[in-house]
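Undergrad: what would the 3D arrangement of this be:
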Amino acid sequence: WVARYAPIVLLVAAYILIREALFGGGNEHRFVLGREPWGPLLSLGYALQTLFVPFVQLVYEPRPEVWVSPWRLVVAGVLTLALVWGTLRLPRSARGTALFWTGWFFISLAPTANVLHQETGFAERYSFVALLGVIALGGVILSAEKPDRPLRRWAPVFCLVWLVGLAAISVHRGSYFRTNLGFLHHWAETDAGAVQPQASLGEHYGRAKQFDLSVEHHRKALALRPNLPKRLNSLADALRLAGQIDEAMAMYEAAIRGQPSLVHARINYGVLLRRRRRTAEAMAQYAEVIKYDPGHYLAYYNLGNAHFSRGELEQAVESYTQALRVKPQSAEASGAMAAALTRLGRTQEAFKAYERALALDPRSVFAQYNLGALLLAQGDNEAAARAFRRTLQLDPNHASARKDLQEATQRLGRGS
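TA: Predicted structure coming up:
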């Protein structure tokens, strides 16, 4: 058996070592056994408890504080000892098969046995394949029993009852997945100390534009993991959308202090700084983002907007050019660059930039109106009138387009 499976074990070990060499800087393959030596034993207990006496209600990705149930573990332990006893009584001819399925169980469980860092410590899906080994081992033991023994006669009945029970539990648990919102609330109720359901509820309510509820759940997530930069940033986003700008800025500042490389926080903090007319501070945030991520489109685009607002038009064009190198299909950056080029008097380049913006987004009111204004300034009244009419089709309440259309029409009537 060892000779047969040793190459597979070596192959898996080599794979883990290669992955560690390539991606060792992240959390994916960080060894945690030294820090949490009881992790594999807990994984074994969770797998056996899940097989023999699972929870009836859904208990999703539970922490040990939630899933450890003394009476369930005792029942699972007794049944496991029964399997061990049955295996030891097997005839020599059946021991190889029993060893195979025992190996199947442990090898299948090992990758998610909390030896390496995992997304979550315990989940029923982790042990699904491994549990086949336990079921098969039970089948091997029963097959070795004589047909007239009580265990052999009653085992099918017990197995049928067990399978029907598991099926009923599965059907019942399905009710918790009817809606994503219902699932998240149930997860939060069954594990009050879990961060992820609270964070996910915050994101759900944010997408639904129920910002007060979003803030409430992000606060709960942060309370469970205080000062975690990711959670501070999520709460800041929710507060910003809820209009609580002062607290949002404070949360962004705390997130950045905790993790200076958190570029999302720096971008949004910069946007709020610009709203407060603290443009120089906003520009410093965008510059920091570029240091951490030289290919960050929004950093260049927002930096361009900041330069534009300060009248630094050449620098604005340079920043918009960098933004378009990162994201060539950005109608927004093309339109903004066209506006800067117009102010610099580089009219032909501005025309091309507006045309590119409209080719990328024909419904851009900004590009359509400003193209009309440029055409009007150049004396092309007919083309300007067309651009203003198109602007009003896109936005019937655009007062400047309506006024300038009247001007273009009057000029055409005067023949000028």
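Undergrad: contact partners for the nearest residue to residue 121 once chain neighbours are set aside?
TA: The shortest distance from residue 121 to any residue other than its chain neighbours is 5.7 Å, reached at residue 114 (CB to CB, 6 or more residues apart in numbering). Where you see a C-beta, it was placed from the backbone N, CA and C, and this is true even at glycine. For residue 114, the contact set (CB atoms under 8 Å, 6 or more residues apart in numbering) comprises 32-33, 36, 39-40, 42-43, 121.
Undergrad: could you look up the SS state of residue 114?
TA: coil (DSSP: H, G, I helix; E, B strand; the rest coil).
Undergrad: what is the neighbour count of residue 387?
TA: Neighbour count for residue 387, taken as other CB atoms under 10 Å: 27.
Undergrad: so it is in which element?
TA: Applying DSSP states H and E as the criterion places residue 387 in helix 381-394.
Undergrad: mean confidence (pLDDT) on that helix, please.
TA: What helix 381-394 shows for mean pLDDT is 96.
Undergrad: for it, buried residues please.
TA: For helix 381-394, burial by neighbour count (16 or more other CB atoms under 10 Å) applies to 381, 383-388, 390-392.
Undergrad: same thing with stretch 271-286?
TA: 271-274, 279, 282-283, 285-286.
Undergrad: about what we covered before: what's the pLDDT at the residue nearest to residue 121?
TA: Residue 114 is given a pLDDT of 90.
Undergrad: and the gap between it and residue 233?
TA: Distance, residue 114 to residue 233, by CB to CB, to the nearest Å: 28 Å.
Undergrad: isn't residue 122 up against residue 44?
TA: No. Between residue 122 and residue 44 no contact is recorded; they are 11.0 Å apart, counting by CB atoms under 8 Å.
Undergrad: contacts for stretch 206-220, please.
TA: 198-199, 201-205, 231, 234-235, 237-239, 241-244.
Undergrad: among the residues you listed, the buried ones, what's the ChimeraX command?
TA: Provided next is the ChimeraX selection string for whichever of the contacts of stretch 206-220 are buried by 16+ other CB under 10 Å:
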select :198,199,201,202,203,204,205,231,234,235,237,238,239,242,244
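Undergrad: so which of the contacts of stretch 206-220 are in strands?
TA: Using DSSP state E, no member of these falls in strands.
Undergrad: can you give me the helices for the stretch 51-200 of the chain?
TA: Taking DSSP state H, counting those that start in this stretch to define them, one finds helices in the stretch 51-200 of the chain at 64-67, 70-88, 92-109, 128-144, 150-174, 180-190, 195-207.
Undergrad: residue 49 is nearest to which of the ones you listed?
TA: With CB to CB as the criterion, residue 49 lies closest to helix 70-88 of those, at 4.7 Å.
Undergrad: quick one: contacts of that closest one?
TA: So helix 70-88 is in contact with 45, 48-49, 51-53, 95, 98, 102, 134, 137-138, 140-141, going by CB under 8 Å, 6+ apart.
Undergrad: farthest pair within these?
TA: Pairwise distances across the contacts of helix 70-88 (CB to CB) peak at 28.2 Å, for the pair 53 and 95.
Undergrad: burial measure for residue 166, as a count.
TA: 12.
Undergrad: between residue 122 and residue 44, which has more neighbouring residues?
TA: residue 122 (24 against 18).
Undergrad: now do the same contact list for that one.
TA: Applying CB under 8 Å, 6+ apart, the residues near residue 122 are 42-43, 46, 61-64, 67.
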